[in-house]
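Student: Sequence and predicted structure, then a few things I'm wondering about:
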Number of protein chains: 2
Amino acid sequence: MEKKRIRMIVAYDGTNYHGWQVQDNGITIESELNRCLTELLREPVQVCGASRTDSGVHALGNVAVFDTTARMPAEKIAYALNQRLPEDIRIQRSEEVAGDWHPRYCESRKTYEYRIYRAEFPMPVKRLYSYFTYHALDVGRMREAGACLEGEHDFKSFCQTGAQVLSTVRTLYTLQVEEQGPDLVIRVCGNGFLYNMVRIIAGTLLEVGQGKREPETMGEILKAKDRAAAGPTAPAHGLTLVRYEFL
Amino acid sequence: MEKKRIRMIVAYDGTNYHGWQVQDNGITIESELNRCLTELLREPVQVCGASRTDSGVHALGNVAVFDTTARMPAEKIAYALNQRLPEDIRIQRSEEVAGDWHPRYCESRKTYEYRIYRAEFPMPVKRLYSYFTYHALDVGRMREAGACLEGEHDFKSFCQTGAQVLSTVRTLYTLQVEEQGPDLVIRVCGNGFLYNMVRIIAGTLLEVGQGKREPETMGEILKAKDRAAAGPTAPAHGLTLVRYEFL
């Protein structure tokens, strides 16, 4: 039987999952996709995700591929799979791609948003998707610091220690700090992100916004190539993988 | 001991509650507030809410009052109570008011929003706070229909049958239908709302937007004074009580 490769855009609320990647204990996005696809297509299916997001991180547009011999039209898989998936995972699109296409081995542009809610008290309807702070934040300083990170840099200081990667050099095309009423959104677009990189950038910019660090120190942090030089890792629930673009 | 009356602005995510009002079975916003206030102030406390929202309905600014002899400064109660409340209920403000002030017996302006997410597939991070539809909606028609409801009218057709009220006449100051990207927000501001009134208005406007009803029929629906003349009650989770203003 002929095998075809299917690409899916996958959206999820990460609150109730132990991240993307299959684990021995704990339900993950990947394990739910494998289970439901295997039931739907009546053959063992194993998806491969573009971004293995952490526990608690959300996605509007992560990407996964899998191979199947099933005859269901590629575009229909989104509809049929959504009938089986839990309501906090929803396929936004499914389509056939070339048999050798792989989301991790082709150039792409990824956009993440880290959302901060600024107020005296937390707002319950925002609690799952944004990080709450009652600290005053100087947005101008955060923008100044953020601008220093744009471009190609060795982001080793912004990578969780212990991560195994060949290179810690990445290109950040843009880093925007946008005010949306009481929300502050740090939006980053780059060709790739190291483990916890966006959350460490957010944690460092939060310290800059609070006046605990100077915007000019960002260059020194990059130069240090040492995780200890950067700020704390901001909590996972404020982070959303917004979009993947393949070039 | 001297008794004082405290007014609180209460925000909550209604997802996990059986509405506002205390029930024999099921946790409610009111029962959680009573429980935590009684623990905090070490005397039996019974709050009274401005709006007894339904199961699943959210609030950014509902209002509750209670009487206490405790000496804790009124403004501090918000901070102390938030330490005890579950994370899906948060007091936004607490202050002392006159001993005879009552939120249900003074003139007020209430603002509700009904949020609709329009797309081919549901978006998980929006599922708890907006109603999903894949139907195309004609926003111009919805605005035309909505405008017919502004002003003072007998809203009996937009009141759940069985509700016990002396009068079904209310004034709707404004009804806006606002596009926010893929979201459509029906925002109503009025001097009072009948049981399920905003959800029945939303359900009726959704039918107008889909072409199932003509905008011009809104006058006839009002005249009928019959719940059966209006559209269905839209689901609770799309509804948020945004704000109370006391005049």
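Tutor: Sure thing, it's come through.
Student: Which residue ranges of chain A form helices?
Tutor: Taking DSSP state H to define them, one finds helices in chain A at A:29-41, A:74-84, A:139-147, A:197-209, A:218-224.
Student: Out of those, which gets nearest to A:D154?
Tutor: helix A:218-224 (6.8 Å; C-beta to C-beta). Glycine gets a C-beta too; all of them are placed from N, C-alpha and C.
Student: Quick one: mean pLDDT for that closest one?
Tutor: What helix A:218-224 shows for mean pLDDT is 98.
Student: about what we covered before: which one of the helices of chain A lies nearest to chain B?
Tutor: helix A:74-84 (6.2 Å; C-beta to the nearest C-beta).
Student: ok so, going back, relative to B:A228, which of the helices of chain A is closest?
Tutor: The nearest among the helices of chain A, by C-beta to C-beta, is helix A:74-84 at 32.8 Å.
Student: Could you pull out the buried residues of that closest one?
Tutor: A:74, A:77-78, A:80-82 (16 or more other C-beta atoms under 10 Å in any protein chain shown).
Student: check whether it contacts chain B.
Tutor: Yes: interface with chain B: helix A:74-84 contributes A:78, A:82 (C-beta under 8 Å from any C-beta of the partner chain).
Student: orientation of that helix relative to helix A:29-41 in degrees?
Tutor: 110 degrees (axes from the mean of the first three to the mean of the last three C-alpha atoms, to 10 degrees).
Student: Which strands or helices does helix A:74-84 pack on?
Tutor: strand A:4-12, helix A:29-41, strand A:89-97 (3 or more C-beta pairs under 8 Å, 6 or more residues apart in numbering or on different chains; DSSP states H and E).
Student: which residues are contacting it?
Tutor: Contact with helix A:74-84 is made by A:4, A:6, A:8, A:33, A:36-37, A:39-40, A:72, A:90-96, B:121-122, as judged by C-beta atoms under 8 Å, 6 or more residues apart in numbering or on different chains.
Student: Give me the buried subset of those.
Tutor: Burial by neighbour count, judged by 16+ other C-beta under 10 Å, picks out A:4, A:6, A:8, A:33, A:36-37, A:40, A:90-94, B:121-122 from the contacts of helix A:74-84.
Student: on that earlier part again, make a markdown table out of the helices and strands packed on helix A:74-84 and add mean pLDDT and distance to A:T111.
Tutor: A markdown table is the format used below for those (pLDDT from 0 to 100; distance: least, C-beta to C-beta, whole Å):
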| stretch | mean pLDDT | distance to A:T111 |
| --- | --- | --- |
| strand A:4-12 | 98 | 13 |
| helix A:29-41 | 97 | 19 |
| strand A:89-97 | 98 | 15 |
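Student: want to throw the ones you listed into TSV with distance to chain B?
Tutor: Converted to TSV, those look like this (distance: least, C-beta to the nearest C-beta, whole Å):
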stretch	distance to chain B
strand A:4-12	5
helix A:29-41	10
strand A:89-97	5
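Student: The ones you listed into CSV, with extra columns for distance to B:Y105?
Tutor: As requested, those are exported to CSV (distance: least, C-beta to C-beta, whole Å):
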stretch, distance to B:Y105
strand A:4-12, 46
helix A:29-41, 51
strand A:89-97, 46
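Student: Get me the contact residues on chain A for chain B.
Tutor: A:11-13, A:58, A:60, A:78, A:82, A:87-92, A:120-125, A:127-129, A:240.
Student: quick one: contacts for the residue lying closest to A:V10 once chain neighbours are set aside?
Tutor: Spatial nearest neighbour of A:V10, excluding adjacent residues (C-beta to C-beta, 6 or more residues apart in numbering or on different chains): A:N62 at 4.7 Å. Contacts for A:N62 (C-beta under 8 Å, 6+ apart) come out as A:9-12, A:20, A:29, A:49-51, A:53, A:241, A:244.
Student: make it 10 Å
Tutor: A:8-12, A:20, A:29, A:49-53, A:92, A:103, A:110, A:241-244 (C-beta atoms under 10 Å, 6 or more residues apart in numbering or on different chains).
Student: One more: A:H18?
Tutor: Taking C-beta under 10 Å, 6+ apart as the test, what A:H18 contacts is A:25-29, A:31, A:54-56.
Student: Apply 6 Å and report the result again.
Tutor: Contact analysis of A:H18 by C-beta atoms under 6 Å, 6 or more residues apart in numbering or on different chains lists A:26, A:28, A:55.
Student: So what's the residue count around the nearest residue to A:F155 once chain neighbours are set aside?
Tutor: Leaving aside its chain neighbours, A:F155 sits nearest to A:R170 (5.2 Å; criterion: C-beta to C-beta, 6+ apart). By other C-beta atoms under 10 Å in any protein chain shown, the residues close to A:R170 number 21.
Student: A:R170 pairs with what?
Tutor: A:H153 (DSSP bridges).
Student: just the one 5 residues further on next, same as before
Tutor: Counting by DSSP bridges, A:L175 forms beta bridges with A:V188.
Student: With the one 5 residues further on instead?
Tutor: As for beta bridges, A:Q180 partners with A:D183 under DSSP bridges.
Student: and B:G181, which of the helices of chain A is closest to it?
Tutor: helix A:74-84 (21.0 Å).
Student: Now that closest one: average pLDDT?
Tutor: 98.
Student: which other residues reach stretch A:202-210?
Tutor: A:114, A:135, A:137-138, A:141-142, A:145, A:186, A:213, A:215, A:230-234.
Student: How about A:L222: what's its closest non-neighbour residue?
Tutor: A:H153 (5.3 Å).
Student: hang on, the earlier thing: closest to B:V165 among the buried ones among the contacts of helix A:74-84?
Tutor: B:P122 (35.3 Å).
Student: wait, isn't that closest one in contact with A:R90?
Tutor: Yes: using C-beta atoms under 6 Å, B:P122 makes contact with A:R90 at a distance of 5.1 Å.
Student: Distance-wise, check A:N25 relative to A:N34.
Tutor: According to C-beta to C-beta, to the nearest Å, A:N25 stands 16 Å off from A:N34.
Student: So for these two, which residue has more residues nearby?
Tutor: Per other C-beta under 10 Å, whichever of A:N25 and A:N34 has more neighbours is A:N34, with 18 against 5.
Student: how deep is A:S167 tucked in, by neighbour count?
Tutor: The burial count for A:S167: 10, using other C-beta under 10 Å.
Student: can you tell me how far it sits from B:G49?
Tutor: With C-beta to C-beta as the criterion, A:S167 and B:G49 are 58 Å apart.
Student: what stretches of chain A score poorly on pLDDT?
Tutor: Scanning chain A for pLDDT under 70 picks out nothing.
Student: how about 90 then?
Tutor: A:1-2, A:22-26, A:103-106, A:161-166, A:247 (pLDDT under 90).
Student: Next one: the nearest residue to A:Y12 once chain neighbours are set aside relative to A:V65, how far apart?
Tutor: Of all residues not flanking A:Y12 in the chain, A:I89 sits nearest, at 4.5 Å (C-beta to C-beta, 6+ apart). For A:I89, the distance to A:V65 equals 16 Å [C-beta to C-beta].
Student: If you count surrounding residues, which of the two has more?
Tutor: A:I89 (22 against 17).
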